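A.B. asks: Need coordinates for the following:
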Amino acid sequence: LKPEAAPVDSPPAAPLPTQAGSHDTEEAADRTEETTADRQAPRTDGPDDRMQLASLAPMVTGEQASPLDYIVEDEFPGLAGKTPVDPLEAVLREGDWVTETVRKKDTVSHIFRRFGISTREAYSLVKLENASVLNKIRPGEEIHVTTLPPEGDSSRKRLGKLKYDLGRFTTLLVRRQDGGFVADIVRRQPEIRHQTAQAVIGSSLMGAAKKAGIPFDVVYSLANIFGWQVDFARDIRSGDRFTVIYEEQYLDDEHVGNGQVVAAELVTRDKSLQAVRHVDDDNVVTYYAPDGEGIQGSFLRSPIQFATVTSTYSKRRLHPIQKVWKAHKGVDYGAPMNTPVRSTGDGVVEFTGSKTGYGRTVILRHGAKYQTLYAHLNRYHKDLRIGKRVKQGDVIGYVGTSGWSTGPHLHYEFRVDGHHRNPLTVELPKSLPIDRRFRDDFAREAAHWVAKLENVSQTSLARNDS
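C.D. replies: Numbers count the residues shown, from 1 in each chain. Predicted coordinates:
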């Protein structure tokens with residue numbers, strides 16, 4: 001379950017809350033009745049229904065760059081995915097391409113007429129399985145073609161090749177073959193350059209990142225990496241600092257986006273944390289401490305990134321609406337309306353519906369021992385239903401103010417064997433260390449990246465002392 005508005009071929013977009021939403025709230029008493037089982041709140045439309053294409057892992061070059069060296073994949077085999085370059089990528093660069101921009105109410109036939117190409121070729125082309133996406137072209141998009149001279153009595157040119165970008169790294173390529181056309185999806189592999197950045201936190205993590213020129217998607221990745229060990233709504237203070245080494249993606253020497261975080265360090269008043277990426281043989285990315293110990297636990301500390309804790313777990317608290325003293329068996333996070341709410345662990349949807357006091361609520365079961373509850377939602381994720389399996393970090397709903405609530409926020413509970421525990425302090429199950437098959441290779445990678453991180457920190461300290 002991913003954010004519903006995330007575009008194809010780009011990292012999921014999350015809102016950037018600049019200020020916590022108001023205020024706390026209260027869950028209902030223990031014995032509340034479920035009044036609307038599996039009733040879903042109004043939802044916005046889902047994502048673009050055009051062809052959904054998976055981004056493939058980028059390759060790493062062996063060239064040199066400043067300020068960080070490129071790392072040759074053979075030297076550090078766990079650095080990047082093992083996906084080979086698509087041989088059709090070279091075909092995209094060959095030939096004299098001409099371009100038409102899609103206009104309002106355009107069809108492929110209209111565009112072919114402007115190219116001077118026979119419209120009969122347009123009809124045969126859109127019947128191809130991969131090329132049917134051309135029926136959904138949109139104004140402002142571009143279609144590129146090469147042409148061949150007319151044949152026979154026709155005055156119209158013939159189509160040589162056609163290309164149409166489906167996403168940042170994916171292109172539809174149509175070309176002639178054996179008297180007809182073939183349509184392929186070409187996945188371009190970006191060149192990866194490694195960038196380093198450091199920021200000292202002042203009033204907020206996002207403010208520090210913006211001041212240092214660090215992309216927001218990199219900061220979100222940083223929060224995900226350390227999200228098992230640090231509650232970014234509660235544990236981060238002025239003067240804390242972070243260093244990050246991340247991938248920048250280039251196509252034809254143009255910066256087109258950012259890739260994964262390769263290594264990161266977070267230094268707070270209470271702790272110093274480091275993490276290094278590992279990519280296994282199946283291209284599964286996991287982050288470990290430099291010694292190979294796991295840092296990504298079974299549960300995230302917080303279901304919302306960068307939210308503010310507006311009310312803590314307490315055995316006795318004055319209810320803001322009922323004005324009576326009673327237990328508050330969870331944590332409230334103030335956040336703007338429709339901020340994505342994440343599942344804090346892998347699990348199964350046990351309940352989705354309305355509960356007295358809680359408003360729109362989701363309950364997840366995580367094995368036989370653990371349950372998590374998410375209340376006062378504005379709406380649910382469009383794919384959420386009872387029995388649905390969710391992964392840690394999946395978006396399950398959006399912040400609201402339903403039920404007994406004084407403003408937009410999320411009420412979050414953590415239960416162990418049916419008993420409420422403080423989500424901010426409960427001891428969470430620990431993750432496993434790196435598989436011993438990869439330990440030696442990872443140790444070499446980690447030593448390299450930790451040296452880079454420490455060099456950045458030392459350079460920064462020396463600059464500050466001078």
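
A.B. asks: Please look at residue 201 and residue 237 and confirm they touch.
C.D. replies: Yes - between residue 201 and residue 237 there is a contact under CB atoms under 8 Å: 7.4 Å. Any C-beta I mention is one placed from the backbone N, CA and C, and that applies to glycine too.

A.B. asks: How about residue 192: which residues does it bridge to?
C.D. replies: Note on residue 192: beta-bridge partners by DSSP bridges are residue 249.

A.B. asks: From what I see, it and residue 245 are in contact.
C.D. replies: No - proximity of residue 192 to residue 245 does not meet the contact threshold set by CB under 8 Å, at 11.7 Å.

A.B. asks: quick revisit: neighbour count: residue 201 and residue 237, which is higher?
C.D. replies: Set residue 201 next to residue 237 and count neighbours by other CB atoms under 10 Å: residue 201 wins out with 21 against 10.

A.B. asks: How much space separates that one from residue 354?
C.D. replies: Distance, residue 201 to residue 354, using CB to CB, to the nearest Å: 39 Å.

A.B. asks: Kindly report the same for residue 197.
C.D. replies: 45 Å.

A.B. asks: With residue 179 instead?
C.D. replies: Counting by CB to CB - residue 179 and residue 354 are separated by 62 Å.

A.B. asks: hey, where'd the helices end up in the stretch 351-466 of the chain?
C.D. replies: Assignment of helices within the stretch 351-466 of the chain using DSSP state H, counting those that start in this stretch yields the ranges 439-465.

A.B. asks: Next: the stretch 51-200 of the chain.
C.D. replies: Under DSSP H, counting those that start in this stretch, the stretch 51-200 of the chain gives helices at 89-93, 108-115, 119-125.

A.B. asks: Give me the next element, helix or strand, following the helix or strand residue 332 falls within.
C.D. replies: Residue 332 belongs to strand 331-334 when assigned by DSSP states H and E. The helix or strand immediately downstream of strand 331-334 is strand 340-342, counting by DSSP H and E.

A.B. asks: Need the per-residue pLDDT for residue 15.
C.D. replies: pLDDT for residue 15: 34.

A.B. asks: partner residues bridging the residue nearest to residue 121 when sequence neighbours are not counted?
C.D. replies: Distances taken as CB to CB, 6 or more residues apart in numbering put residue 159 closest to residue 121, at 4.9 Å, once the chain neighbours are dropped. Per DSSP bridges, the residues bridged to residue 159 are residue 147.

A.B. asks: ditto for residue 414
C.D. replies: In beta-bridge terms (that is, DSSP bridges), residue 414 pairs with residue 372, residue 421.

A.B. asks: Settle this for me: it is touching residue 423, isn't it.
C.D. replies: Yes - Residue 414 is in contact with residue 423 according to CB under 8 Å; the separation is 4.2 Å.

A.B. asks: Mind listing the shared neighbours of the two?
C.D. replies: Common neighbours of residue 414 and residue 423, using CB atoms under 8 Å, 6 or more residues apart in numbering, are residue 330.

A.B. asks: got a list of what residue 245 touches?
C.D. replies: With CB under 8 Å, 6+ apart, residue 245 has these contacts: 68, 194-196, 261-264, 449, 452-453.

A.B. asks: ok, now residue 415?
C.D. replies: With CB under 8 Å, 6+ apart, residue 415 has these contacts: 370-373, 421.

A.B. asks: farthest pair in the residues you listed?
C.D. replies: Largest separation among those by CB to CB: 373 and 421, giving 11.9 Å.

A.B. asks: Compare these two (neighbour count), which wins?
C.D. replies: Applying other CB under 10 Å to residue 373 and residue 421 shows that residue 373 carries more neighbours, namely 22 against 18.

A.B. asks: how much space between the residue lying closest to the more buried one once chain neighbours are set aside and residue 118?
C.D. replies: Leaving aside its sequence neighbours, residue 373 sits nearest to residue 413 (CB to CB, 6+ apart; 4.0 Å). Using CB to CB, residue 413 is found at 65 Å from residue 118.

A.B. asks: And for residue 389?
C.D. replies: Taking CB to CB, one finds residue 389 at 50 Å from residue 118.

A.B. asks: In a helix, residue 206, correct?
C.D. replies: Yes - judged by DSSP: H, G, I helix; E, B strand; the rest coil, residue 206 forms part of a helix.
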